[in-house]
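K.L.:
coords please:
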Amino acid sequence: KYTVKKFYMNETGTDWMAPVDDVRYGTTGATVTLDFEKEAAEGFTIDETNSSKSATIAGDGNTVLVIYYNRDKQNVTINGKTEEKFYGEVITTPETPDAEPGYEFGGWVDEDDKPVEFPVTVGTEDIVIKPVWNKVSYNLTFKDAKGNVISGPVKTEFDADITAPEVDDKEGYTFVGWIA
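P.N.:
Numbering: from 1, shown residues only. Next up, the predicted model:
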């Protein structure tokens, strides 16, 4: 028998997690060679320089091969800012960005405009998360100087063109416009 010790990099990329021991069986005196393609793990790249690829199986069962798995990194772009994050790292809800006048924040979507639910775990592909901006809607009501409703309410969006109602002439007065 022999053991393949698998060391996986932690989610912050600063250390190795406790090894996973994979006990295998072979013939004493035989050379065992690991096929790194078959040993691959999603989200990780094998560090072939520091891993042991082959060994001769000793009769005492103490033969150990070691594989180091470096955690892959992905680009994560949130609201136009890109950072590298490790596979398996958890992304929490970002701060709500400031809205431009006439718009309100409507949530987060991915690059395909599908809603994003937080927390998000980094996988094997880059992530793009962007804010949704909704135009603010208003209900407009036109009133005369005494507060009597002339027209409305009419629903409109910020910065949209509106048509004011016709105003009847009033003897002795000149209509100069509407005020908010």
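
K.L.:
From now on I want contacts and neighbour counts done on CA atoms only, so please keep to that.
P.N.:
Will do.

K.L.:
Mind exporting the C-alpha coordinates of stretch 122-129 to PDB?
P.N.:
Output in PDB follows, covering the C-alpha atoms of stretch 122-129 (Å, rounded to 0.1, in the frame of the first residue of the first chain):
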ATOM      1  CA  VAL A 122     -16.500  32.200  -7.000                       C
ATOM      2  CA  GLY A 123     -16.400  29.200  -9.400                       C
ATOM      3  CA  THR A 124     -14.300  28.400 -12.400                       C
ATOM      4  CA  GLU A 125     -15.300  31.400 -14.600                       C
ATOM      5  CA  ASP A 126     -15.000  35.100 -14.300                       C
ATOM      6  CA  ILE A 127     -17.900  37.000 -12.700                       C
ATOM      7  CA  VAL A 128     -19.400  40.300 -13.800                       C
ATOM      8  CA  ILE A 129     -21.900  41.900 -11.500                       C
END
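
K.L.:
Name the residues that touch it?
P.N.:
Stretch 122-129 is contacted from outside by 42-43, 72, 74-79, 85-91, 108-111, 116, using Cα atoms under 8 Å, 6 or more residues apart in numbering.

K.L.:
Distance from that stretch to the middle of the chain?
P.N.:
Centre-to-centre, stretch 122-129 and its host chain are 6 Å apart (Cα atoms, centre = their mean, to the nearest Å).

K.L.:
Could you do stretch 58-68 as well?
P.N.:
On Cα atoms, centre = their mean, the centre of stretch 58-68 falls 41 Å from the chain's centre.

K.L.:
what's the helix or strand for Thr174?
P.N.:
Using DSSP states H and E, Thr174 falls within no helix or strand.
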